[in-house]
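Student: I'll drop the sequence and a predicted model, then ask my questions.
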Amino acid sequence: MNLFDDIRGLVLDTLGGLQAEGALPASLDLGNVTVEPPRDPAHGDMATNAAMVLAKPAGMKPRDIATVLAEHLAADARIDSAEVAGPGFLNLRLAPAVWHDVLRDALRQGADFGRATLGQDRRVNVEYVSANPTGPLHVGHTRGAVFGDALASLLDFAGYDVTREYYINDGGAQVDVLARSVYLRYLEAHGQEVAFADGTYPGDYLIEVGRALKDKVGAAYVDEPEAVWLAEVRDFATDAMMTLIREDLASLGVEMDHFFSEKSLYGTGLIEAAIEDLRGKGLIYRGVLEPPKGKMPEDWEPREQTLFKSTEHGDDVDRPIMKSDGGWTYFAPDIAYHYDKISRGYDLLIDVFGADHGGYVKRMKAAVSALSDGRVPIEIKLCQLVKLYKNGEPFKMSKRAGTFITLRDVVDEVGPDVTRFVMLTRKNDAALDFDFARVLEQSKDNPVFYVQYANARVNSVLRKATAAGITVDDAALAEADLSVLSHEAELALARKIAEWPRQVENAARAGEPHRVAFHLYDLASELHGLWNRGHDEPALRFLQEGDPATTRGKIALVRAATVVICAGLGILGVTPVDEMR
RNA sequence: GCACCCAUAGCUCAGCUGGAUAGAGUGUCGCCCUCCGAAGGCGAAGGUCGUAGGUUCGAAUCCUACUGGGUGCGCCA
């Protein structure tokens, strides 16, 4: 249940009634009417803009509409008061019983409290990470992995049928480079001196792979030309890399539903089929592209190529799909991959890219738009860079000799929960500073700690209550007398709890899991605040000695808060802790 | 040169798809530990929301043009 939807429904019904009475014109579009929490709590629990958005089309003064609306709304049992304010806002105060119902609802639904029907079981494919299978995942991939995973969970919670997918780029030239690099390590395992030239990967992580290859084939490939071993080693190496990557993802708690291999598109007619589809729509032609102005590639020469007319679907220039040697460009299998996704019947596609792939957004959108005739929407979420710090000092990341910072380095240093939470406390399209020292700090300025601490505090209270012989399981709490909750500070916390379902919908609609993290922080803040007020006002303490009934009511409130915290952390993929250590 | 992203308090960032007097943490300053946990608490100061126009009842939010920073720009994926 979403309280805001309920009240909006009430407002709309009331407006409909006024239309039926003739107090308002019958032909009004009520779509813009919103019911939101006011910024300033002094304005009440909820505010509606109905009078202001309807004033013009109705040809009436906003305050006149608001006044009539207020009179009718006040008749509802849920509304304590309805006041006209400012330019025509209608501020509503809700009866305490409304908040009590929300708390009971949260306690009964538990982990499902806030689950939405926004997605209506529409099938959405979220593709993320999709790193080249040429080495371990690094920090840059980490953010994409965490973001994509949380977004997938969020959409699932909001009622979508979600598939988490990884596209393995195992078809391009970089995989040949990988194979040659592994071959060098293989020779090394046979006691040879090797040099990593021609851009081959010198990273230590391939030593083991070279040895494993030796274990598998013995000396069969030593002194043999590439033609003999390349295809075989390529498969062997990509398998090894994908195993590595799966382990990296697992260490972060990321589990994919589906891995899609680029290689599976070659020699199967799938790329050709996708291109034929575009050709049938008149979007494939031979032509010569203009050179980019300002920054001219050194070896530029005009060249006729096979092009996709992506400009017909919003791109800036048409894009080549074939190289001059007749092979496909990387874009062609990408088109085929998305063609495949479309054919699998998804209602929505989401791609999570790193910021350095921002240049591919328009062409991917163009391809999907063209292939699906505009039927399948695609959203592309870009994750900006992560800058690493330690105690405020920037971390230099050097790629030479493989000394770049890996996902594993980060997870080993700070743990998966902290990594995930911190990476989700920023919008995806803003750059993120990640300070190894600061994220492990146990203090209020560390949001991870702050939220976890709130949960731990409540669990501590639950333990103490149980020790005092008070039954505090959720079923018992849901039956508790909640009329003991009437203090403003308590209702403020209840309000935050009631906002949760709305936040889920907003976050899902925007595709912004960071909103969940911020809401949890706000909620934790409200909870800590209430706790602290108990110092001066004993009546606000959760444990009321010798009064189990009141204690149970108070605990129902804070337990409902942790229901939300646990649900939210679940979306973020962070494990709640019951005790701080 | 072009495209995309960013610009909000000294610092790090929110701002709920256009709402009311723009918020939080940190830092600064002033108070406060006999307390269900002080790994804190209360309060104060701190802003021409990059600049200039526009859209309307109403703009940090939408549009246009600039400024500054980031990412990228045909046979690498």
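Tutor: Arrived safely, thanks for sending. Numbers count the residues shown, from 1 in each chain, chains lettered A, B, ... in the order given.

Student: Stretch A:342-355 - what's its average pLDDT?
Tutor: If you average the pLDDT over stretch A:342-355, you get 95.

Student: Check stretch A:173-190 too.
Tutor: Mean predicted confidence for stretch A:173-190 is 95.

Student: quick one: contacts of that stretch?
Tutor: Contact with stretch A:173-190 is made by A:132-134, A:169, A:194-196, A:198-202, A:206-207, A:209-211, A:213-214, A:219, A:221-222, A:226, A:229-230, A:233-234, A:236-238, A:240-241, as judged by CB atoms under 8 Å, 6 or more residues apart in numbering. No exception for glycine: its C-beta is placed from N, CA and C like everyone else's.

Student: Next, the buried residues of it.
Tutor: By 16 or more other CB atoms under 10 Å, the buried positions in stretch A:173-190 come out as A:174-175, A:177-190.

Student: now stretch A:67-74
Tutor: A:68-70, A:72-73.

Student: next one: stretch A:408-415
Tutor: Across stretch A:408-415, burial judged by 16+ other CB under 10 Å covers A:408-411, A:414-415.

Student: out of the buried residues of stretch A:173-190, which touch RNA strand B?
Tutor: Among those, the residues within reach of RNA strand B (CB under 7 Å from any atom of the strand) are A:Gln174.

Student: So which of the buried residues of stretch A:173-190 belong to helices?
Tutor: Among these, the members found in helices (DSSP state H) are A:174-175, A:177-189.

Student: List just the nearest of these to A:Trp500.
Tutor: Closest approach to A:Trp500 among these (CB to CB): A:Gln174, at 44.4 Å.

Student: Okay, and A:His519 sits in which element?
Tutor: Assigning secondary structure by DSSP states H and E places A:His519 in helix A:514-536.

Student: can I get the buried residues of stretch A:408-415 in CSV with distance to RNA strand B, secondary structure and pLDDT?
Tutor: Converted to CSV, the buried residues of stretch A:408-415 look like this (distance: CB to the nearest atom of the strand, whole Å; DSSP: H, G, I helix; E, B strand; the rest coil; pLDDT from 0 to 100):
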residue, distance to RNA strand B, secondary structure, pLDDT
A:Arg408, 21, helix, 92
A:Asp409, 21, helix, 88
A:Val410, 17, helix, 89
A:Val411, 21, helix, 91
A:Val414, 15, helix, 88
A:Gly415, 15, coil, 90
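
Student: Assign a three-state SS to A:Thr306, would you?
Tutor: Following DSSP: H, G, I helix; E, B strand; the rest coil, we place A:Thr306 in the strand state.

Student: contacting residues for it?
Tutor: So A:Thr306 contacts A:284-286, A:320-322 (CB under 8 Å, 6+ apart).

Student: That one and RNA strand B, how far apart?
Tutor: According to CB to the nearest atom of the strand, to the nearest Å, A:Thr306 and RNA strand B sit 10 Å apart.

Student: beta partners of the closest residue to that residue other than its chain neighbours?
Tutor: Once flanking residues are discounted, A:Thr306 sits nearest to A:Met322: 4.0 Å by CB to CB, 6 or more residues apart in numbering. Beta-bridge pairing of A:Met322 under DSSP bridges involves A:Trp328.

Student: Secondary structure class of the residue in the stretch 351-500 of chain A positioned nearest to RNA strand B, three-state.
Tutor: Nearest residue of the stretch 351-500 of chain A to RNA strand B (CB to the nearest atom of the strand) works out as A:Gly359 at 2.7 Å. In three-state terms, and counting by three-state DSSP, A:Gly359 is helix.

Student: Does stretch A:287-298 reach RNA strand B?
Tutor: Yes: against RNA strand B, stretch A:287-298 shows contacts by CB under 7 Å from any atom of the strand at A:288-289, A:291-295, A:297.

Student: okay, who's weakest in those by pLDDT?
Tutor: Lowest pLDDT among these: A:Lys295, with 68.

Student: quick check, nearest of the ones in helices among the buried residues of stretch A:173-190 to RNA strand B?
Tutor: A:Gln174 (5.2 Å).

Student: hmm, back to that, from the residues of stretch A:287-298 next to RNA strand B, which ones fall inside strands?
Tutor: Cross-referencing these against strands under DSSP state E gives A:Val288.

Student: how many other residues sit next to A:Gln19?
Tutor: A:Gln19 is flanked by 16 other residues according to other CB atoms under 10 Å.

Student: Residues of the stretch 451-581 of chain A that sit close to RNA strand B?
Tutor: Residues of the stretch 451-581 of chain A lying close to RNA strand B by CB under 7 Å from any atom of the strand are A:456-457, A:460-461, A:464, A:502-503, A:506, A:509-512, A:514-515, A:518, A:525, A:528-529, A:531-532, A:534-536, A:541-543, A:579-581.

Student: Apply 6 Å and report the result again.
Tutor: Contacts of the stretch 451-581 of chain A with RNA strand B, taken as CB under 6 Å from any atom of the strand, map to A:456, A:460-461, A:464, A:506, A:509-510, A:515, A:518, A:528-529, A:531-532, A:534-535, A:541-543, A:579-580.

Student: re earlier: quick one: buried ones out of the contacts of A:Thr306?
Tutor: Counted by 16+ other CB under 10 Å, the contacts of A:Thr306 give A:284, A:320-322 as buried.

Student: In these, find the pair that's most separated.
Tutor: Greatest spacing in the buried ones among the contacts of A:Thr306, by CB to CB: A:Ile284 and A:Pro320 (10.9 Å).

Student: shared neighbours, those two?
Tutor: A:306-308.

Student: Run the chain-centre distance for stretch A:257-276.
Tutor: Between the centre of stretch A:257-276 and the centre of its chain there are 27 Å (CA atoms, centre = their mean, to the nearest Å).

Student: Can you give me the buried ones in that stretch?
Tutor: A:260-266, A:270-271, A:274-275.

Student: got it, and stretch A:367-378?
Tutor: Neighbour count says stretch A:367-378 has A:367-372, A:376, A:378 buried, by 16+ other CB under 10 Å.

Student: List the ones among the residues you listed that fall in strands.
Tutor: Counting by DSSP E, the members of the buried residues of stretch A:367-378 that fall within strands are A:Ile378.

Student: Turn the buried residues of stretch A:367-378 into CSV, columns for pLDDT and distance to A:Phe331.
Tutor: Formatted as CSV, the buried residues of stretch A:367-378 follow (pLDDT from 0 to 100; distance: CB to CB, whole Å):
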residue, pLDDT, distance to A:Phe331
A:Ala367, 96, 8
A:Val368, 96, 13
A:Ser369, 95, 15
A:Ala370, 96, 13
A:Leu371, 96, 13
A:Ser372, 96, 17
A:Val376, 95, 18
A:Ile378, 95, 15
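
Student: Show only the entries of the buried residues of stretch A:367-378 found in helices.
Tutor: Judged by DSSP H, the buried residues of stretch A:367-378 include A:367-371 as members of helices.

Student: give the contact list for the spatially closest residue to A:Asn2 that is not a sequence neighbour.
Tutor: Ranked by CB to CB, 6+ apart and with sequence neighbours excluded, the top spatial neighbour of A:Asn2 is A:Pro501, at 4.1 Å. Taking CB under 8 Å, 6+ apart, we find A:Pro501 in contact with A:1-4, A:113-114, A:116.

Student: Quick check: which helices or strands does the strand or helix carrying A:Lys464 pack against?
Tutor: Using DSSP H and E, A:Lys464 falls within helix A:447-467. Applying 3 or more CB pairs under 8 Å, 6 or more residues apart in numbering; DSSP states H and E, we find helix A:447-467 packed against helix A:416-423, helix A:514-536, helix A:548-572.

Student: Many thanks, I have nothing further to ask.
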